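Trainee: Got a sequence here, can you build the structure:
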Amino acid sequence: MNSTFHRLICMESKRQQKVARQIQKDLSDIFQKEGRSWFDNAFITVTVVRMSPDLSVARVYLSFLAAKNKGLLLEQIQERHKSIRQLLGTKIRHQLRIVPELHYYLDDTAEYAAKMDSLFAGLTIPPPADGETPDNE
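Mentor: So this is what the prediction gives:
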C-alpha cells in the first residue's frame, strides 16, 4: 500500500471512515439505479469517498466504464448534483443531521496503473554480461 495513501487513511477518524463508507454505498446505489437513465447507460463506480473532519464535505472519486467522454460525463454529474444530493439525503437522513456537500473527482487510478503496466511491459532488460551476476542473487 502506498505510504501516502496509508497516512491519509490513518488520519481519518473512525466516524469519517464510517460515514464515507455509507455515502459510498448509497451513492453507488443511486448511480446504479438512476445514473443509467441520466447518463446514457454509462457505468459509474464510486471508487473512494473522503470526508472532511466536520463531515460537511465529501470528496467523491468516480470511475467510468462505457463512457465516450469522461470529462463531459463528470460535468453532467456536477450539473445534477442537487438531484443526487437530494436522493442521498433521503437515504442517510437517519444517520446524519446534515447531508454533506458533494465534490466529484475523476479517479484515473486504473488508467494510470494500465499505463504503467504497458510501460513496464515495453521495457527491454538486457541479460547480464558473461561473468556478471544479477543484483538480486
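Trainee: Around Ser83, count how many other residues there are.
Mentor: 12 (other Cβ atoms under 10 Å). C-beta here means a position set from N, CA and C on the backbone, and glycine is covered the same way.
Trainee: pLDDT weak spots in this protein?
Mentor: Within the chain, the segments meeting pLDDT under 70 span 1-10, 66-67, 110-111, 130-137.
Trainee: hey, where'd the helices end up in it?
Mentor: Counting by DSSP state H, the segments of the chain that form helices are 3-11, 14-33, 35-38, 70-79, 81-92, 109-121.
Trainee: So for Pro100, which of those sits nearest?
Mentor: Nearest to Pro100 among the helices of the chain is helix 14-33 (7.1 Å), distances taken as Cβ to Cβ.
Trainee: So which bits of stretch 63-81 are buried?
Mentor: Buried residues in stretch 63-81, counted by 16 or more other Cβ atoms under 10 Å: Ser63, Phe64, Ala67, Lys70, Leu73, Leu74, Gln76, Ile77.
Trainee: circling back to that earlier point, any chance of the helices of the chain in JSON lines with distance to Met51 as columns?
Mentor: Conversion of the helices of the chain to JSON lines gives the following (distance: least, Cβ to Cβ, whole Å):
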{"stretch": "helix 3-11", "distance to Met51": "11"}
{"stretch": "helix 14-33", "distance to Met51": "4"}
{"stretch": "helix 35-38", "distance to Met51": "22"}
{"stretch": "helix 70-79", "distance to Met51": "19"}
{"stretch": "helix 81-92", "distance to Met51": "12"}
{"stretch": "helix 109-121", "distance to Met51": "19"}
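Trainee: Arg50 is nearest to which of these?
Mentor: It's helix 14-33; of the helices of the chain, that one is closest to Arg50 (Cβ to Cβ) at 6.3 Å.
Trainee: nearest to Leu55, of the helices of the chain?
Mentor: Among these, the nearest to Leu55 by Cβ to Cβ is helix 14-33 (5.7 Å).
Trainee: who touches the closest one?
Mentor: Applying Cβ atoms under 8 Å, 6 or more residues apart in numbering, the contact partners of helix 14-33 are 9, 12, 44-46, 48-53, 55, 58, 60, 84, 87-88, 91-92, 95-96, 100, 102.
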